[in-house]
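>>> what would the 3D arrangement of this be:
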Amino acid sequence: MRETSKTAIEKNNKSVVMHFAKSKYDNCKWNKNTSTWSMLKKRYDNGQRDSQMQKLYDAEYSLIPCSPKDNLSFDELINKIDEVVNDTWFRKKFGRLFSDTALKVENASSRQNMAYAFGTDLLSFPPHFCNIPIILHELTHIIVDRLHFVVNMNKSYTTHGRMFAFIYLELVKKFMGERSYTILKTGYKNFNVKYRNRIPQTSAKKKILRERINKYNIYNHENNI
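Numbers count the residues shown, from 1 in each chain. Alright, predicted model coming up:
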């Protein structure tokens with residue numbers, strides 16, 4: 001279900017600025033007890049090292065359309081972003097991140113070799129990257145970049161870490177359907193993309209891990225590796 005869009009769209013030369021209005025759903029929590037903001041906060045995903053970027057790209061490869069015919073026009077892309085952000089499901093989960101905020105979307109040159117999200121309020125799409133998986137991918141970056149302000153984390157989340165992978169999977173399921181969800185989830189498994197909550201290690205497990213690392217270092221030193 002989609003709310004009646006109240007998004008104000010300001011058109012510029014090669015970009016638009018989307019001003020998202022407040023929604024009555026913006027302060028909702030996730031329906032499942034295990035899917036609250038508290039659960040999101042516990043993904044232990046902070047840091048600057050983007051260690052699973054290529055793994056995630058490989059996992060989502062099967063979702064990306066092969067034909068240029070599947071790419072949207074820039075106007076269609078703006079409509080799709082508006083549709084996603086103003087969907088009731090989306091606002092119940094991420095509304096606080098978009099309530100009364102602006103998002104700039106650039107109509108990039110075809111010479112640009114990728115779509116990207118910059119910071120918390122800029123998306124850029126060249127014509128050959130205007131498809132639904134990429135739209136959801138870049139919107140996930142905006143969500144993750146804005147998210148740590150809402151849940152009071154001291155550091156930004158890893159760019160393609162557990163939090164990103166989890167939210168991207170949720171968006172794909174909602175806006176692309178079960179088949180695409182299964183494809184992406186299978187890709188996560190095949191390429192070892194982490195998206196579930198990390199299980200905190202006990203002191204005993206930490207001790208075993210330290211001993212393994214120590215033995216590994218001693219072996220490397222003795223064998224001049």
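
>>> count the neighbours of the nearest residue to Leu77 once chain neighbours are set aside for me.
Distance criterion CB to CB, 6 or more residues apart in numbering; nearest residue to Leu77, sequence neighbours excluded, is Cys130 at 4.8 Å. For glycine as for every other residue, the C-beta is placed from the backbone atoms N, C-alpha and C. Residues near Cys130, counting by other CB atoms under 10 Å, number 22.

>>> count the neighbours of the closest residue to Asn113 other than its chain neighbours for me.
Distances taken as CB to CB, 6+ apart put Pro126 closest to Asn113, at 7.5 Å, once the chain neighbours are dropped. Close neighbours of Pro126, defined as other CB under 10 Å, add up to 19.

>>> low-confidence bits of the protein, can you list those?
1-5, 29-44, 46-47, 150-155, 198-207, 209, 225 (pLDDT under 70).

>>> so for it, the centremost residue is which one?
Taking CA atoms, centre = their mean as the criterion, Thr140 is the residue nearest the geometric centre of the chain, at 2.7 Å.

>>> can I assume that one is in contact with Gly161?
No. Counting by CB atoms under 8 Å, Thr140 stays clear of Gly161, with 11.3 Å between them.

>>> what about the residue nearest to Gly187 when sequence neighbours are not counted, distance to His221?
Setting aside the residues directly before and after it, Gly187 is nearest to Ala59 in space (CB to CB, 6+ apart), at 3.2 Å. From Ala59 over to His221 the distance is 36 Å, taken as CB to CB, to the nearest Å.

>>> Pro127 too?
From Pro127 to His221 the distance is 54 Å (CB to CB).

>>> try Lys189
Using CB to CB, Lys189 is found at 36 Å from His221.

>>> equivalent analysis for Met176, please.
The value you get for Met176 to His221, if CB to CB is used, is 50 Å.

>>> more crowded one of those two?
More neighbours surround Met176 than the other of Met176 and His221, with 16 against 9 (other CB under 10 Å).

>>> residues in contact with that one?
Leu63, Ile132, Pro133, Leu136 (CB atoms under 8 Å, 6 or more residues apart in numbering).

>>> highest neighbour count among the residues you listed?
Busiest of those [other CB under 10 Å] is Leu136, holding 25 neighbours.

>>> can you tell me the closest non-neighbouring residue to it?
Leu136 sits nearest to Leu171 (CB to CB, 6+ apart), 4.5 Å away.

>>> surely the one you found is in a helix?
Yes. Judged by DSSP: H, G, I helix; E, B strand; the rest coil, Leu171 forms part of a helix.

>>> now Leu147: how far from Ile9?
24 Å.

>>> neighbour count for those two, which is higher?
Leu147 (23 against 13).

>>> doesn't Tyr157 make contact with the more buried one?
Yes. If you go by CB under 8 Å, Leu147 and Tyr157 touch, sitting 6.8 Å apart.

>>> what's the overlap in contacts for these two?
By CB under 8 Å, 6+ apart, the residues touching both Leu147 and Tyr157 are Met163.

>>> any idea which element the residue lying closest to Ser156 once chain neighbours are set aside lies in?
Counting by CB to CB, 6+ apart, His148 is the residue found nearest to Ser156 once chain neighbours are left out, at 5.6 Å. Using DSSP states H and E, His148 sits within helix 132-150.

>>> would you mind writing the CA trace of that helix as PDB?
Extracted in PDB, the C-alpha atoms of helix 132-150 (Å, rounded to 0.1, in the frame of the first residue of the first chain):
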ATOM      1  CA  ILE A 132      15.200  -1.200  -9.700                       C
ATOM      2  CA  PRO A 133      18.000  -3.300  -8.100                       C
ATOM      3  CA  ILE A 134      20.400  -0.400  -8.300                       C
ATOM      4  CA  ILE A 135      17.800   2.100  -7.100                       C
ATOM      5  CA  LEU A 136      17.200  -0.100  -4.000                       C
ATOM      6  CA  HIS A 137      20.900  -0.600  -3.500                       C
ATOM      7  CA  GLU A 138      21.600   3.100  -3.500                       C
ATOM      8  CA  LEU A 139      18.600   3.900  -1.300                       C
ATOM      9  CA  THR A 140      19.900   1.400   1.100                       C
ATOM     10  CA  HIS A 141      23.100   3.400   1.300                       C
ATOM     11  CA  ILE A 142      21.100   6.500   2.200                       C
ATOM     12  CA  ILE A 143      19.200   4.500   4.900                       C
ATOM     13  CA  VAL A 144      22.400   3.100   6.400                       C
ATOM     14  CA  ASP A 145      24.100   6.500   6.400                       C
ATOM     15  CA  ARG A 146      21.200   8.200   8.100                       C
ATOM     16  CA  LEU A 147      20.500   5.300  10.400                       C
ATOM     17  CA  HIS A 148      23.400   5.700  12.900                       C
ATOM     18  CA  PHE A 149      22.000   9.200  13.800                       C
ATOM     19  CA  VAL A 150      18.700   7.700  14.700                       C
END
